[in-house]
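Visitor: Mind folding the following:
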Amino acid sequence: QVQLGESGGGLVQAGGSLRLSCAASGRTLNSYVLAWFRQAPGKEREFVAAIRWIGGNTYYADSVKGRFTISRDHDKNTMYLQASSLEPGDTAVYYCTAGLAPYSLGFDHSRLDYKFWGQGTQVTVSS
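Guide: Take a look at the predicted model:
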């Protein structure tokens, strides 16, 4: 089991920034990909970004490329999402998740079988 807990959400004006954190505990993360998904009211949950715990390869949704940066800190067992140039369309509950890493770096990491999920943190961007 992997336990995940998000923090860092809040209310921010358009154009502003937030840093979300995801603290992980339980089994070692060496075999895992950690990712961020988000879900806005009335919409399906969508992939935001992912990072391979070993190697640090990153993957982004087109909608956030150039604005969001995913990273991880091995010592703190924590993943981050630096979200900049925020837009009202980024308003959502952001979830942290973990899934076993595929062998191929070219695999579509938005489609992994993500088994472990955090409780989510609300991000609200005002116009």
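
Visitor: Just list the residues touching residue 78, thanks.
Guide: Neighbouring residues of residue 78 by Cβ atoms under 8 Å, 6 or more residues apart in numbering: 21, 22, 23, 24, 72. The C-beta positions use only the backbone N, C-alpha and C, and glycine is treated the same way.

Visitor: no wait, residue 112
Guide: 33, 35, 50, 99, 100, 102.

Visitor: From the centroid of this structure, which residue is nearest?
Guide: Centroid check for the chain by Cα atoms, centre = their mean gives residue 36 as the closest residue, at 2.0 Å.

Visitor: in which helix or strand would I find the residue nearest to it when sequence neighbours are not counted?
Guide: The shortest distance from residue 36 to any non-neighbouring residue, by Cβ to Cβ, 6 or more residues apart in numbering, is to residue 48 (4.2 Å). Residue 48 belongs to strand 46-52 when assigned by DSSP states H and E.

Visitor: So which bits of the helix or strand following that strand are buried?
Guide: Using DSSP H and E, the next helix or strand after strand 46-52 towards the C-terminus is strand 58-60. Residues of strand 58-60 classed as buried: 59, 60 (neighbour count, 16 or more other Cβ atoms under 10 Å).

Visitor: Strand 58-60: what's the following helix or strand?
Guide: Following strand 58-60 in sequence, per DSSP H and E, is strand 68-73.

Visitor: Which strands or helices does that next one pack on?
Guide: On a contact count with 3 or more Cβ pairs under 8 Å, 6 or more residues apart in numbering; DSSP states H and E, strand 68-73 meets strand 46-52, strand 58-60, strand 78-83.
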